[in-house]
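A.B. asks: quick one: sequence plus predicted model below, questions after.
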Amino acid sequence: MADALAGQLANVRIEYVDDSAMVLDAADPPHRVGALPYVKNAFQIIASASRGGLDASVAQLNRNLQRATFPQSPDRTRGFRLMFHIDGALASASPRNRAALEHTVSMRTGRRVEPRGNCQEYWIIGRTALDELLFGARLPKRGRPAKARGAIGHELSAILIATSNPEPRDVFLDPFGGSGSFAQARLDLPVRKILYADLNLATHRPAFEPRLVRDNRVRLLDEDALRLPSIADGSVDAIVTDPPWGEHEMLDRPYSEFAKDIGTSFARVLHPSRGRYVILVNCRNASVLWQALSDSGLIPDAAYEILVNGHPATVLVRKRHSSPSQLGEWRSSRC
């Protein structure tokens, strides 16, 4: 996540991070952070207080808010609501401290308390390893396209695209295109050309976003990812893809042979120095694919272990290289 943010925000400084939250400072305006599709909830921090008992911290937070600057909110309802999210769960302060905090927010913003419905939300946030209680304005989130059944979610697609260090001049390829999740996420950023390939293109195409079909930068190919006859040698700058995991899909060969063919195909189409990839694979087969890519001269630079719909998965990443990588062997504590 930190690498993805550094590629899309200016002067990022990470101040706190845990398994599911991050506190950062960046030069970009807050709405730019809120618009990042892989950030589920984003907040502009307005004030903080030392972490102690909840009511004591809320009382201190209330005092600090009386001299804090509240950002202008795009919400036009003139209402607001307080949310307490402490150590990963919803919580509540004493009625007295909550009422005092609501009064301060109302006086500083001119808004009224709205217990339900659409309005500006202010969250009081505590994290187990963070020694402060934070008060932040929740940033608006743009709507996301509906997820096709079995497709990678838009948030995960966006963060994997960001991990590929996208550049405006890129020729981008998803050779196992499926529902088009990665191609659609790549269209959110400047790009020269997008190549989508899938042997079941005719089946997937009716569910594509209209822009994926109409944008003249997108080329839809009904081709085998292991051959890609329409793509010239060394013509692709970045691949982001999710090949069959070999768990529920029927493969016509052992996974080791399938992985070897992936390595051969990717090594042919990727540019020798600019070429890079981000590949999502199930955790169990990650070491096999790592070895196959390495044997093809595309040694991964990193492997990140994540969960996809509750299933252990691995993201293999290769950055651009001017000379062959000299990285070590595959290692994992979980697969």
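C.D. replies: Cool, got the structure. Just so it is clear, the model here is predicted, and its values are computed rather than measured.

A.B. asks: where along the chain do the helices fall?
C.D. replies: For the chain, the helices defined by DSSP state H cover 2-8, 30-34, 54-65, 95-109, 154-163, 181-186, 201-204, 210-214, 255-269, 286-295.

A.B. asks: what's the residue closest to the geometric middle of the chain?
C.D. replies: Ile159 (2.7 Å; CA atoms, centre = their mean).

A.B. asks: distance of that residue relative to Leu36?
C.D. replies: As judged by CB to CB, to the nearest Å, Ile159 and Leu36 stand 9 Å apart. Where C-beta positions appear, they are placed from N, C-alpha and C, glycine not excepted.

A.B. asks: overlap of the contact sets of these two?
C.D. replies: Overlap of the contact sets of Ile159 and Leu36 (by CB atoms under 8 Å, 6 or more residues apart in numbering) is empty.

A.B. asks: sorry, back to before: considering the helices of the chain, which stretch scores lowest in mean pLDDT?
C.D. replies: The minimum mean pLDDT among these belongs to helix 2-8 (a mean of 70).

A.B. asks: which parts of stretch 177-192 are buried?
C.D. replies: 177-189, 191 (16 or more other CB atoms under 10 Å).

A.B. asks: for it, which outside residues touch it?
C.D. replies: Residues contacting stretch 177-192 (CB under 8 Å, 6+ apart): 37, 145, 147-148, 150-154, 157-158, 160-161, 166, 168-172, 174, 194, 196-198, 200-201, 204, 207-209, 211-212, 215, 217-218, 220, 240-242.

A.B. asks: what of stretch 9-16?
C.D. replies: With contact meaning CB under 8 Å, 6+ apart, stretch 9-16 is reached by 2, 5-6, 22-28, 32-33, 127, 129-130.

A.B. asks: what's the closest of the helices of the chain to Leu307?
C.D. replies: Nearest to Leu307, of all the helices of the chain, is helix 154-163, at 10.1 Å by CB to CB.

A.B. asks: packing partners of the closest one?
C.D. replies: With contacts defined as 3 or more CB pairs under 8 Å, 6 or more residues apart in numbering; DSSP states H and E, the packing partners of helix 154-163 are helix 2-8, helix 181-186, strand 238-241, strand 276-282, strand 311-318.

A.B. asks: and the angle from it to strand 276-282?
C.D. replies: Helix 154-163 runs at 140 degrees relative to strand 276-282, counting by axes from the mean of the first three to the mean of the last three CA atoms, to 10 degrees.

A.B. asks: how deep is the residue nearest to Gly246 when sequence neighbours are not counted tucked in, by neighbour count?
C.D. replies: Spatial nearest neighbour of Gly246, excluding adjacent residues (CB to CB, 6 or more residues apart in numbering): Tyr255 at 4.1 Å. Here the count is done by other CB atoms under 10 Å, and Tyr255 has 20 residues near it.
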